[in-house]
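>>> Just to be clear, the model below is a prediction. Sequence and coordinates:
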Amino acid sequence: MGKLIVLVSCGTGIATSTVVAVEIAEAMQERGLDVETRQCKTAEIPGRVQGVDLIVTTNQFTGDYGIPAITSLAFLTGIGKGPVLDKIEATLREALAKKAK
Amino acid sequence: MANKILELLVPSAVCLRLTATDSQEVINHLSKQLLDAGYVRDTFAKAAMDREKVMPTGLPLSGDVNAAIPHTEIEHVIKCGLALATLEQPVVFHNMVAKDEEVNVRLVFVMALDQPKAQIEMLREIAGVLQRPEVIGKLMEAENYKDIHAALEAA
């Protein structure tokens, strides 16, 4: 079974996405999910979606790549962090179920 | 303890109770301090302001005070450092996730980041501070660098 891949993006690909990537990796590990995070600039998303199970951005994001996408500041501001983690977990479990088929 | 923030905060770039009319003035002022201290190139201020227009960094927080974390590409940075301003009156930044939405900001961290993923601890500490209104309250009340140091050390 392959790892679940989360593509995390922000404006520069070095600042807020770094925080988000680490938080997601840690939280999903605690919830028993094996997750690999990749980082990029939001503008680079189109070229980076191959094999990705979930996109999480800290920027306004439009575009449909047939992959679930979540935009949230919860990892920076703390507001709504629990619900966002629940949503990320649920989305990843769904992706896992699809892979198992 | 917010050790990494303290390690990277440039004392001469801590500007308390600053009076500014807009976000550009704040970014310009803090960038100038980082430039004078040898942390960023003279292109940094413009790059940070340009980026702010396209990809804003305003963060609506849970308390009374909102923050912004302007930063830009590593090519404008000489070495990693952090500038901080508390503002007498709020200035308008735009929301990171909704760029048409205005955020009235009174706490600004300008981040000079010199390599991808290198400053994860500092970035997490900043997020940690932003999530704690009581720490922000102490930063806003600070009158000098010593007060800022004490607030972050106790955070």
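Alright, I've got the coordinates.
>>> B:Y145: how many residues sit nearby?
14 (other Cβ atoms under 10 Å in any protein chain shown). (Glycine included, C-beta is placed from N, CA and C.)
>>> who's in contact with it?
B:P11, B:V14 (Cβ atoms under 8 Å, 6 or more residues apart in numbering or on different chains).
>>> B:C15 versus that one, what's the distance?
10 Å (Cβ to Cβ, to the nearest Å).
>>> How about A:V8?
Taken as Cβ to Cβ, the span from A:V8 to B:C15 is 32 Å.
>>> could I get the helix ranked longest in chain B in PDB with only the CA atoms?
With DSSP state H setting the assignment, residue counts place helix B:23-36 as the longest helix in chain B. Provided in PDB are the C-alpha atoms of helix B:23-36 (Å, rounded to 0.1, in the frame of the first residue of the first chain):
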ATOM      1  CA  SER B  23       0.800  48.400   5.100                       C
ATOM      2  CA  GLN B  24       3.500  49.600   2.600                       C
ATOM      3  CA  GLU B  25       4.900  52.000   5.000                       C
ATOM      4  CA  VAL B  26       5.200  49.300   7.700                       C
ATOM      5  CA  ILE B  27       6.800  46.800   5.200                       C
ATOM      6  CA  ASN B  28       9.100  49.600   4.000                       C
ATOM      7  CA  HIS B  29      10.200  50.600   7.500                       C
ATOM      8  CA  LEU B  30      10.900  47.100   8.700                       C
ATOM      9  CA  SER B  31      12.700  46.100   5.500                       C
ATOM     10  CA  LYS B  32      14.900  49.200   5.900                       C
ATOM     11  CA  GLN B  33      15.800  48.100   9.400                       C
ATOM     12  CA  LEU B  34      16.700  44.600   8.100                       C
ATOM     13  CA  LEU B  35      18.700  46.100   5.200                       C
ATOM     14  CA  ASP B  36      20.700  48.400   7.500                       C
END
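>>> so which strand or helix has the spatially most central residue of chain B?
Note on chain B: the residue nearest the mean C-alpha position is B:F109, at 0.6 Å, using Cα atoms, centre = their mean. Element membership for B:F109, per DSSP states H and E: strand B:98-112.
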